[in-house]
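J.: sequence plus the predicted model coming up.
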Amino acid sequence: MRISKGAFLVVVAILVPIIVEFRTALSWFGITLSVFETIGLGLVVVLTVLVWAVWPPTDDTGTESVRSSR
């Protein structure tokens, strides 16, 4: 994983108020999202971060990087 499980939980916890405030900001421009649309948007964002977190990191040459443990 690119980030620890604890860091992932922190990211998800920070994303929750951001998604809610995004819904509020959209309402200023006359765009309304239902509760289910907001939940769907939140799930898409969290799943995107999850896919990024578990995707194996690669270096600039296109091969997988190997971390040495010391």
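T.: Noted; the coordinates are in hand.
J.: in which helix or strand does the most centrally placed residue in the chain reside?
T.: For the chain, the residue lying nearest the average C-alpha position, counting by C-alpha atoms, centre = their mean, turns out to be V49 (3.1 Å). Per DSSP states H and E, V49 falls inside helix 35-54.
J.: which residues are in contact with that helix?
T.: Residues outside helix 35-54 that contact it (C-beta atoms under 8 Å, 6 or more residues apart in numbering): 1-3, 8, 11-12, 15-16, 19-20, 22-23, 33. Heads up, the C-betas are built off the backbone N, CA and C, glycines and all.
J.: so which of those are in helices?
T.: F8, V11, V12, L15, V16, I19, V20, F22, R23 (DSSP state H).
J.: list the contacts for the fifth one?
T.: Listed by C-beta under 8 Å, 6+ apart, the contact partners of V16 are G42.
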